[in-house]
Structures are given as C-alpha cells and as structure tokens.
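Visitor: The sequence isn't on hand, but the structure is:
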C-alpha cells in the first residue's frame, strides 16, 4: 500500500460516504500536496481502523478520525506546522 501513497500527503478514505471536500479544499488553498485514495474490502492494521486516515509524506499517520474535522483549515495548518 505504501507505493500507492502520493508524493505528499495522502488522505485514505475507507468510506466513500464521508465528505472530504473541505479537507481537500483547505489543503489546496495553502498549496499542501494532498491526494485522496479511496480504499475498501481489504485488511488493514489497527492504525487504519478509522474511516479517514491522513498520511504524511514519510508514510506515518498524521491524523485519523471517522468524520471530517469541523475546521479542516485548522487541521491542515496543524499538520503542515503553521498552527498558531
């Protein structure tokens, strides 16, 4: 699976019913390279037992949850080191 991750950040979505447009737009606004990868019907490690997992460029998990955050811009700022 690591080979399928983007060169930047990758948002793994295990449920296509979760709206991720806010996260994708927030990343785009600040130039953060973020691609979405929809996955299903596979066995994944316990760390991936959430509907959304945001992977850093080095493959480590930066964030995970079952729903998109209320403030996607704040999450994007946090993972890129620009949070105040």
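Guide: Perfect, thanks for sending it. These figures come from a predicted structure and were not determined experimentally. Residues are numbered from 1 along each chain as shown.
Visitor: I'd assumed residue 7 was in contact with residue 33.
Guide: Yes. Between residue 33 and residue 7 there is a contact at 6.6 Å, judged by C-beta atoms under 8 Å. Heads up, the C-betas are built off the backbone N, CA and C, glycines and all.
Visitor: Return every residue with contacts to both of these two.
Guide: residue 57 (C-beta atoms under 8 Å, 6 or more residues apart in numbering).
Visitor: between these two, which one's more packed in?
Guide: residue 33 (12 against 8; other C-beta atoms under 10 Å).
Visitor: Next up, the contacts around that one.
Guide: 6, 7, 8, 9, 27, 57.
Visitor: if you set the cut-off to 6 Å instead, what comes out?
Guide: Residue 33 is in contact with residue 8, counting by C-beta atoms under 6 Å, 6 or more residues apart in numbering.
Visitor: Number of residues surrounding the closest residue to residue 10 other than its chain neighbours?
Guide: In space, and not counting its chain neighbours, residue 10 is closest to residue 55: 4.5 Å by C-beta to C-beta, 6 or more residues apart in numbering. Neighbourhood size, residue 55 [other C-beta under 10 Å]: 24.
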